[in-house]
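Undergrad: Quick one, fold the following:
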Amino acid sequence: MTSIAQDWDHEVDVLVAGSGAGGMTTALAANDAGLSALVVEKAEVYGGSTALSGGGIWVPDNPTLRRLGRGDDVEDVRRYLAAVVGDRVPRERLDAYAEHGPAAMEMLERVSRHMRFSWCPGYSDYHPLLPGGRPLGRTIEPWPVDTRKLGEDEKLLRASDNPAPMGLWMTAADVPKMILFKRTWTGKRMLLVAAWRVLSTLVTRRHVATLGQALIARMRLTLKELDVPLWLRTPIVDLVLDEDGAVAGAIVERDGQRVRVRARKGVVLATGGFERDVAMRKQYLPEGGKAVITAGASSNVGDGQRLGERHGAGLDLMDDAWWMPSIVRPNGTVFPLVSERCIPPMVIVNQHGVRFTNESAPYVNFVHDQLEGGHGPIYEIFGAKAKARYQFGGVLPGQPFRGSWYKSKLVTSADTLAELAEKIQVPPSALEATVARFNRFAHNGHDEDFGRGNSPYDRYYGDPTLPNPNIDEIGPGPYYAIRLEAGDLGTKGGLTCDEHGQVLRADGSALGGLYATGNVSASVMGNEYPGAGGTIGPAIVFGYLAIQHAKDRKA
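TA: Numbering: from 1, shown residues only. Down below sits the predicted model:
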């Protein structure tokens, strides 16, 4: 459709739809480039899936790492991405990420004193043994922040589905220490630190946020400081095209009214994935992954994908997600399992009572193996030793599982493996043989079937007091079986984009004036995951790159 100036209700240089890390970074980059920006968000709260995440950022050679002497040669980064992602993604997109990621992070630090980060030491790249991989990792995270600084906007920050009790706060770097408080002196010291944090938070009445909430809070503080407007409860409804077919602006809905917003330089979609949309999951995702078991934001229902497709945009990677083995608690909340899959004296078995992959592998790879092999239902099996030593799903070592967990069949227990197998309907002889075989591996310190514990990534959440931090003899009962689901952190599929973040039509031509970043775009990581923060990193980088391209467009 054509549009003339008199038709516009509001004008900016850049209109951004979505308020996660990708959307907020785009607005900050626009401001840094001297452009006016407006962020619109469909939900009543801001932060998107980023606010629910671990908040890690995987951008090699970023300023935080450089200051620690842990910078990168761009060729190493290219080698690693090529080895991990392969040819599933155009090389130009991967190169753009490797080459311009550092500049995106430099921009965030430049625009505000609030944007500060620290390294997660030892949090290995997910495939550290591949060329260019780093066993000590490249992941950084935001500094903790007192969200009282947000003022009235504090209550509009998207809340976590799994909040910590009593004001306790922990960074991503704290977690692997804390979970081993029954096993290591470092863990015991961390327990004292945690107690001090709870006490000091009560005394000072601070509202300390970490992880994804800290990242979003810091970005929101920066937007406020720079007077970049954010309109909540304002979904993007449609795009407005000029006579040449380029995007000139968009129609948004605010307070029940349709508002035509002119975007002189471009519209950037950062509206997230389609993980909460039942119909799209059924249409695109594979068997075993169609159920809505996700840690993604409740507002992520594929709005941007549908909008782009309606105007001719191509789609890719719609059959994949940022998979995450999860449990569904009786209250319906989804709890992602990371450290729980590194408990040494345990196995994860399928419906036949046998192991099918390395339990401690990166979560996307674990679920890929699960789905591709048709394994389900699956159960994590362990005994009294594991229950006494390690936490599971927020349940502390030695603490009993709640009755509701048993009642909902999330947890099943029995005195013997054979009895347990009968209860979860797997062949008793198979389960007993699986555990016996694993115990032999544990005795020898090597998993002959799947190499569990061979990778530095596996060992990050393992128990360092053991010869192999990831395997140990399961020991006597009582035994427990926890039902695991093929959950996700969001979907990977979305609008096809070029190295500038420009949305491409199905024929490969650019849909001028339209950009996308984050999970609304087809992932630059293809079917893989390079390291913790491999979702947020690209959202930041391609939001930044969209502005570097858009700033030179003619209005």
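Undergrad: quick check: domain ranges of this structure?
TA: 5-19+226-320+492-550, 324-488 (automatic domain parsing).
Undergrad: ranking those by burial, who's on top?
TA: Highest mean neighbour count among these (mean count of other C-beta atoms under 10 Å): domain 5-19+226-320+492-550, with a mean of 22. (Glycine included, C-beta is placed from N, CA and C.)
Undergrad: I'd like the average pLDDT over it.
TA: Along domain 5-19+226-320+492-550, the predicted local confidence has a mean pLDDT of 97.
Undergrad: Then stretch 453-472?
TA: Averaging pLDDT residue by residue across stretch 453-472 gives 97.
Undergrad: so how far does it reach from one end to the other?
TA: Stretch 453-472 has its terminal residues 11 Å apart, counting by C-alpha to C-alpha, to the nearest Å.
Undergrad: how far does that stretch sit from the chain's center?
TA: 23 Å (C-alpha atoms, centre = their mean, to the nearest Å).
Undergrad: Let me see the residues that make contact with that stretch.
TA: Contacts of stretch 453-472 with the rest of the structure, by C-beta atoms under 8 Å, 6 or more residues apart in numbering, involve 122-129, 135-136, 176, 179-180, 183-184, 338-339, 341-342, 344-345, 358, 360-362, 385, 389-390, 438, 441-442, 445-447, 452.
Undergrad: Now with 7 Å, please.
TA: By C-beta atoms under 7 Å, 6 or more residues apart in numbering, the list of residues contacting stretch 453-472 from outside reads 122-124, 126, 128-129, 135, 176, 180, 183-184, 338-339, 342, 344-345, 360, 362, 441-442, 445-447, 452.
Undergrad: Stretch 45-56 now?
TA: With C-beta under 7 Å, 6+ apart, stretch 45-56 has contacts from 18-21, 120, 139, 141-142, 156-158, 160-161, 172, 211-216, 220, 230, 232, 272, 295-297, 300, 489-490, 532-533, 536.
Undergrad: Run the chain-centre distance for that stretch.
TA: Its chain's average C-alpha position is 8 Å from that of stretch 45-56, according to C-alpha atoms, centre = their mean.
Undergrad: Report the buried residues of it.
TA: Buried residues in stretch 45-56, counting neighbours by 16 or more other C-beta atoms under 10 Å, are found at Val45, Tyr46, Gly47, Gly48, Ser49, Thr50, Ala51, Leu52, Ser53, Gly54, Gly55, Gly56.
Undergrad: Reformat these as TSV; add distance to Arg505.
TA: What follows is those, written out as TSV (distance: C-beta to C-beta, whole Å):
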residue	distance to Arg505
Val45	33
Tyr46	31
Gly47	31
Gly48	26
Ser49	27
Thr50	28
Ala51	32
Leu52	32
Ser53	31
Gly54	35
Gly55	34
Gly56	33
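Undergrad: Could I get the full set of helices for the stretch 451-555 of the chain?
TA: Listed in chain order, the helices of the stretch 451-555 of the chain (DSSP state H, counting those that start in this stretch) span 456-460, 536-550.
Undergrad: Format those as a markdown table; extra columns: distance to Glu473.
TA: A markdown table is the format used below for these (distance: least, C-beta to C-beta, whole Å):
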| stretch | distance to Glu473 |
| --- | --- |
| helix 456-460 | 18 |
| helix 536-550 | 38 |
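Undergrad: which one of those lies closest to Leu168?
TA: Closest to Leu168 of the helices of the stretch 451-555 of the chain, according to C-beta to C-beta: helix 456-460, at 21.6 Å.
Undergrad: before we move on, the earlier item: and of the helices of the stretch 451-555 of the chain, who's closest to Val520?
TA: Distances from Val520 to each of the helices of the stretch 451-555 of the chain were compared using C-beta to C-beta; the minimum, 9.5 Å, belongs to helix 536-550.
Undergrad: what's in contact with the closest one?
TA: Contacts of helix 536-550 from elsewhere in the structure, counted by C-beta under 7 Å, 6+ apart, are 14, 20-22, 25-26, 29-30, 33, 50, 53, 56-59, 96-97, 100-101, 104, 107, 265-266, 268, 270, 500-502, 515, 517-518, 521, 523-525.
Undergrad: Just these: which are in strands?
TA: Val14, Ile57, Trp58, Lys265, Gly266, Val268, Gln502, Tyr515 (DSSP state E).
Undergrad: mind putting these in a markdown table, distance to Leu420 included?
TA: Compiled in a markdown table, the ones in strands among the contacts of helix 536-550 are given as follows (distance: C-beta to C-beta, whole Å):
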| residue | distance to Leu420 |
| --- | --- |
| Val14 | 57 |
| Ile57 | 41 |
| Trp58 | 39 |
| Lys265 | 61 |
| Gly266 | 58 |
| Val268 | 52 |
| Gln502 | 54 |
| Tyr515 | 53 |
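Undergrad: Check those residues and tell me the two furthest apart.
TA: If you compare every pair in these using C-beta to C-beta, the most distant one turns out to be Trp58 and Lys265, at 28.2 Å.
Undergrad: how about the strands in the stretch 251-400 of the chain?
TA: With DSSP state E, counting those that start in this stretch as the definition, the stretch 251-400 of the chain shows strands at residue ranges 257-269, 315-316, 321-328, 334-336, 346-349, 378-382.
Undergrad: Can you add distance to Arg67 and give these back as TSV?
TA: Supplementary listing: the strands of the stretch 251-400 of the chain in TSV, determined by distance: least, C-beta to C-beta, whole Å:
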stretch	distance to Arg67
strand 257-269	30
strand 315-316	37
strand 321-328	29
strand 334-336	31
strand 346-349	39
strand 378-382	40
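Undergrad: Out of those strands, the one nearest Asp76 is which?
TA: Using C-beta to C-beta as the measure, strand 321-328 is the one of these that comes nearest Asp76, at 24.4 Å.
Undergrad: picking up where we left off before, Val193: which of the domains of the chain is closest?
TA: For the domains of the chain, proximity to Val193 was assessed by C-beta to C-beta; domain 324-488 is nearest, at 16.3 Å.
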